[in-house]
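Enquirer: generate a structure from the sequence data that follows.
(2 chains)
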Amino acid sequence: MTPTVRVSRTVRRRHGGHGGSLAGHAMLAPALLVVAAVTLFPIGYAIDMSLSHVDLGLTGVHLRFDGFHNYSVVFQSPQFWQSLLFTVAFTAVTVVLEFALGLLLALLCKSWVRPRGALMSLFLVPWAFITVVSAELWGYMLNGSYGLMDAVMQGLHLAQGNVVWLGTPTLAAASLMAADVWKTTPFVALMLLAGLLMIPDEIYEASDMDGAGPGATFFRITLPLLRPSMLLALLFRTLQAFGVFDLPFVMTGGGPGSSTQSLSMLAYNAMFRDFDFGPGTAVAVLTVVVVFLMSLVIIAMFRGQLTGTYDA
Amino acid sequence: MKRQRLGTVATSAVSVLGLVGMGLVGGLPASAASKVVIEFAASPIANIGLRSHLISMFNSTHPGIEVKLISEPNNTDTYRAQLVTQISSGSTTPDVFMGDVIWPAQFGHAHLALALSRYLPHTFFKRFAPGLVQGASYHGHVYGAPFFMDAGFFYYRKDLLKKANLPVPHTWEQVVSDSKILQSRHLVKYGYVFQGKAYEGLTCDWMEFMTDAGGKVFGPGGKVAIDSPASLKALTFMRSLITSGISPAAETTFQEAQSMNVFMEGQSAFLRNWDYAYSLSQTGKGTKVKGDVGVEPMPTFQGQSWPGYSNIGGWNLYVNPHTRHLKQDLAFIDWMTGVKAQTFMATFGSEIPTNYTVQKSPKVRAQNPVLNIVSKVRLVPRPSGTPAYPKVSSAIYTNINAALAGSVSPAAALKAAAQGILRATHSGL
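Expert: Numbering: from 1, shown residues only, chains lettered A, B, ... in the order given. Below is the predicted model:
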C-alpha cells in the first residue's frame, strides 16, 4: 500500500514547487475579485452588522458601532441555547447515521450489485428531491390525524390511538432527523462509493495472498484508504446539517414550543420576522464560528491518522 | 360586462396607438402621454382571481394609471421577509402593498410603510367600520387602509346537532358536553378542532379563549399581565380539550388547513376558523359536509355574556415610503376601499368588507351566513400596538403550544410566556 501514498506525495510536491508566477496571479485576479465581492464582502458586512446597533431608516439601513451588545443579548437568550443544543444534536445524530448507512450502501453497491449505475440512480432519487418538497411530503405522511405513518402504526398494532409525530419535542426532533437521513444518506453513499472505486484492485489481491480475512481487509485496507473521501463527506455533511433550515421550517415551524428551532431559523426569525438585525446577524456569525471550529477538529482528527499511521 | 371591457380595451389600445403615432410624427417624447405604472404587491386572497378582477376594474376606469399585480407568497412570514428586504434597501417598488393587520406598529416603526394620515384627509378614514382605523394606527398616525377584515367564527354541524336534539352551544362548557354526547353516540370522531400549532394562528385562538376567561396580555400601564388566574383557566381548558379526546392529539400541529381538513372530512362537530371556511366547506374539493354547516359567533365561558370574543384578522393596504407615484397610489387605495370595489370583494369573493356602508348593506349580508352575522361578533385585537409584536406573539404561541403538547404545565407555560414578553418588549431576543 505504500506506493499509493508515495504517488500522492510526489503529486503534491510537483504542484507546490514553482507555481507562483506573476502572470499567473494577474490572470487569477479578476476571478478572485469576483469571489471577494460575492463572499468576503457579505461576510464582512454581517460581522459589522453583528457589532452594531441597526436602525431601519427612511434612507436605508444605518449601523452604529455597539461593541458586543448584540452578542450579550444572544447569550442571555434561552432561545439561543435551546437552538444551539438542538442544532448540535441534529448534526451529530444525522451525520453519524448517514455515515454508517452510507458506508453500508457503498460497500454493498461496490461488491454485490452489478448494474451499479441503475442502483445509483435509484439512490439519488431522495437526494434529488428539493428539500422543501420532501419536507412537505414527510409532514403529510407524519400528520397525526390523517397521516400515512399513523395508519401504518395502527395497522400493525404498534400504537393505540394517533401518534402525533411532530407534536412532542422528542418525536418531532427524531422525525426531522429521519427525514434528513432518508434524504442525504445517498449523497454520503455516493461520495464513499467513489472513494471505494478508487482503491486499486491490486491491493485487495495482495492482501488476499497474504491471507488477510474480510475483517482485516476492511479495517486495515478499505477504511484507511477511504479516509480522504470520508473526510470530504464528513465535512460536507457537518457544514450542511449545522445550517439546517428548510426541514424544520416546513415540517415543524420550530415547534412544538421552540424545541426544533435550528440556529439558522432563529437567525432568520430574528432578522426577518422581528427586524432584530443586530442579534440576528450575531446568531449567524456565531453559527459560522461554531461550524468552523467543528471543521477544524474534524480535519485535525483525520490529518493525524492520515500521516501518522501510513507515512512510514 | 365582457363586451364593455373589450370595448374599453379596444378604445384604450386605439388611443395609445394614436398617441404613440402622434409622438413619432410630431417628434414629441412618447413618455409625456404614457400611463403611470404602479406596482401592487399582494398575496393570493381567495384563489379565484379576485386581485386581477379588481385591478382590471380599476385600470379600465382610470386611464392615467396602470396597476400591475406582483403576486407574493402565501406564507405571511415569507412575504414579510421579502418586503423588508426590498423596502429597507430603498426600492421604490412595490408602490402599494397588501399587508397583515398586525403590521402597522412594526412597519411604521421601521419606516417600511408611509403614514397615510399625513396625506389623506381626516374624512377619508370615516368610511371604515368602527375600530379598524385604530387597529391600523401607531403613535397617532394611520399606516394602513383597512382592505378586508376577518374574524374567528364558530362553525357547527347542523345535521349532528339535530340528530342529538341539541341547540347550538353558546358556552365552552356546552361545547364539551355536546361533544361528549356526539362522540359517545359514535356520531362523530372529534368534538372541536382549532389552530394549535406554534405559529401566529395560535395567538389568535389564544386571544379568544383568554379574553373569554377575562384575561389580558398587557394590563394597565403596559404591564405584562398574561400570567393570571384567568389565563390559567383558559389554558387548562384548552389542554383538557386534547386530553379528553374532544380535540385530536394532533391539535398541536394544526394550522387552518389541517383543522379544516378534519372538519370537511366530517370528523369533527365544531370548528374555529376564519370567514372563508363556510364557502370552502360547501364548495371545497372532497367536502363531506355540504349543506350541513352552520355558523355562529364564538362561544364563551359559562357566566359570561354571549357571544365570546373573536380575534380580528384581515389585511390592510400600505404605501411604500419610497414610492415615486404617491398621488396614484392614494387614488388606488381610495378606489379599493370604496363602495364599488368593496361590494365586489364581498359578493364575488365572500370577503368581509371594511367599508362600513358595504358591510351593512342587505345585498352583501344576504350573500352568505357568515357575512350576515358579522355585526353580531364581539371583536378582540391581538396586542399588536408595539413594534416588538412579532416577538410578543412568538412568546405566546411557543409557550401555549408547549402546554397544549403537554411538555410543560399550563402554569409554567404562562410564566415562561410572561418572561418572554417582558424580554421581547425590552429589546431582547
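Enquirer: residue ranges with poor pLDDT in the stretch 51-200 of chain A?
Expert: Where the stretch 51-200 of chain A drops to pLDDT under 70, the residues are A:113-114, A:160-161.
Enquirer: who in it is up against chain B?
Expert: For the stretch 51-200 of chain A, the residues in contact with chain B (C-beta under 8 Å from any C-beta of the partner chain) are A:56-61, A:73-74, A:76-77, A:79-80, A:143-146, A:161-162, A:164, A:166-169. (Each C-beta comes from the backbone N, C-alpha and C, glycine too.)
Enquirer: ok, 6 Å please
Expert: A:56-58, A:60-61, A:73-74, A:77, A:144-145, A:162, A:164, A:166-169 (C-beta under 6 Å from any C-beta of the partner chain).
Enquirer: just give me the closest of these to B:Met210.
Expert: Relative to B:Met210, the closest of those is A:Gly167; by C-beta to C-beta it sits at 21.9 Å.
Enquirer: what's the helix or strand for that closest one?
Expert: Take DSSP states H and E as the rule and A:Gly167 turns out to sit in neither a helix nor a strand.
Enquirer: neighbours around the closest residue in space to it that isn't next to it in sequence, how many?
Expert: Distances taken as C-beta to C-beta, 6 or more residues apart in numbering or on different chains place B:Thr252 nearest to A:Gly167, at 4.3 Å, with adjacent residues excluded. By other C-beta atoms under 10 Å in any protein chain shown, 29 other residues sit near B:Thr252.
Enquirer: helix, strand or coil for B:Thr252?
Expert: helix (DSSP: H, G, I helix; E, B strand; the rest coil).
Enquirer: quick check: it vs B:Ala402, distance?
Expert: Using C-beta to C-beta, to the nearest Å, B:Thr252 is found at 9 Å from B:Ala402.
Enquirer: could you tell me which residues touch both of these two?
Expert: Listed as contacting both B:Thr252 and B:Ala402 by C-beta atoms under 6 Å, 6 or more residues apart in numbering or on different chains are A:Pro256.
Enquirer: thinking again about what came up before, list only buried entries from the residues of the stretch 51-200 of chain A next to chain B.
Expert: Among these, those buried by neighbour count (16 or more other C-beta atoms under 10 Å in any protein chain shown) are A:56, A:73-74, A:77, A:144-145, A:162, A:164, A:166-169.
Enquirer: please name the bridge partners of the closest residue to B:Val380 other than its chain neighbours.
Expert: Sequence neighbours aside, B:Tyr309 is the residue nearest to B:Val380 in space, at 4.1 Å (criterion: C-beta to C-beta, 6+ apart). Taking DSSP bridges as the rule, B:Tyr309 bridges to B:Arg378.
Enquirer: how close does B:Tyr309 get to B:Asp178?
Expert: To B:Asp178, B:Tyr309 is 20 Å away according to C-beta to C-beta.
Enquirer: contact partners for the residue in the stretch 201-350 of chain B that chain A sits nearest to?
Expert: Closest approach between the stretch 201-350 of chain B and chain A, counting by C-beta to the nearest C-beta: B:Ala250, at 2.8 Å. Applying C-beta under 6 Å, 6+ apart to B:Ala250 gives the contacts A:144-145, A:164.
Enquirer: and the stretch 1-150 of chain B, which of its residues are near chain A?
Expert: Applying C-beta under 6 Å from any C-beta, we find that the stretch 1-150 of chain B lies next to chain A at B:77, B:81, B:84, B:88, B:90, B:110-111.
Enquirer: mind running it again at 8 Å?
Expert: Residues of the stretch 1-150 of chain B that fall close to chain A, judged by C-beta under 8 Å from any C-beta: B:77, B:80-81, B:84-85, B:88-90, B:106, B:110-112.
Enquirer: farthest-apart pair in those, please.
Expert: By the measure C-beta to C-beta, B:Asp77 and B:Gly90 form the most distant pair in the residues of the stretch 1-150 of chain B next to chain A, at 22.5 Å.
Enquirer: compare the two (neighbour count), which wins?
Expert: Comparing B:Asp77 with B:Gly90 by other C-beta under 10 Å, the one with more neighbours is B:Asp77, at 18 against 13.
Enquirer: B:Tyr276 touches B:Ser350, doesn't it?
Expert: Yes: B:Tyr276 lies in contact with B:Ser350 (C-beta atoms under 8 Å); the separation is 6.8 Å.
Enquirer: just give the nearest non-adjacent residue to B:Tyr101, would you?
Expert: No, residue B:101 isn't Tyr; it's Val. B:Gly314 (4.9 Å).
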